[in-house]
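Enquirer: coordinates only, sequence not included:
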């Protein structure tokens, strides 16, 4: 199966997405934006940051802002078991997530039908992050919520293939 994500007009062509869980919600990030996943690192709070920004972590020798994905979605938040670093306009931002569930291919029509991650996001958190980092907002706008039914169907199709 081609996971390149190239668009040749065929809506059945699949692109790779990293599926994560934040509290009770699953969401998918375009794999092209993901740098790596790792165990959580300590994040030091700094200044007057929005509640969804937990602080700065030192990743690969550089300070990286850490955004709690559950808080961004308006959830109380749960344990952070993984960090997912994403490329944002030549910089790195870490998303604190509960779990990384794997890489899944979604056809363009499937991904297009998924609700945007930010549709469920807490409005004040999105606004505050947008003021601080508009490029991060662009990456998050590409992310999609993944309903259990689609996630299970894709997982079954992958096991059969």
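Expert: Cool, the structure landed. Fair warning: this is a prediction, and the values are worked out from it, not measured in the lab.
Enquirer: can you give me the strands for this structure?
Expert: Using DSSP state E, the strands of the chain run over 14-22, 25-30, 34-38, 53-59, 62-68, 82-88, 91-97, 99-107, 144-145.
Enquirer: so where is the chain shaky, pLDDT-wise?
Expert: Scanning the chain for pLDDT under 70 picks out the ranges 1-13, 77, 114-161.
Enquirer: let's have the strands of the chain in JSON lines, adding mean neighbour count and distance to residue 75.
Expert: Where you see a C-beta, it was placed from the backbone N, CA and C, and this is true even at glycine. Supplementary listing: the strands of the chain in JSON lines, determined by neighbours: other Cβ atoms under 10 Å; distance: least, Cβ to Cβ, whole Å:
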{"stretch": "strand 14-22", "mean neighbour count": "22", "distance to residue 75": "7"}
{"stretch": "strand 25-30", "mean neighbour count": "22", "distance to residue 75": "7"}
{"stretch": "strand 34-38", "mean neighbour count": "16", "distance to residue 75": "20"}
{"stretch": "strand 53-59", "mean neighbour count": "19", "distance to residue 75": "14"}
{"stretch": "strand 62-68", "mean neighbour count": "20", "distance to residue 75": "9"}
{"stretch": "strand 82-88", "mean neighbour count": "20", "distance to residue 75": "16"}
{"stretch": "strand 91-97", "mean neighbour count": "23", "distance to residue 75": "12"}
{"stretch": "strand 99-107", "mean neighbour count": "18", "distance to residue 75": "14"}
{"stretch": "strand 144-145", "mean neighbour count": "22", "distance to residue 75": "12"}
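Enquirer: once you drop chain neighbours, what's closest to residue 33?
Expert: residue 86 (4.8 Å; Cβ to Cβ, 6 or more residues apart in numbering).
Enquirer: dump the residue contacts of that neighbour.
Expert: 29, 33-35, 92-95, 139 (Cβ atoms under 8 Å, 6 or more residues apart in numbering).
Enquirer: now for the residues you listed: which two are most distant?
Expert: 29 and 92 (13.7 Å; Cβ to Cβ).
Enquirer: if residue 107 is in a bridge, with which residues?
Expert: Beta-bridge partners recorded for residue 107 (DSSP bridges): residue 14.
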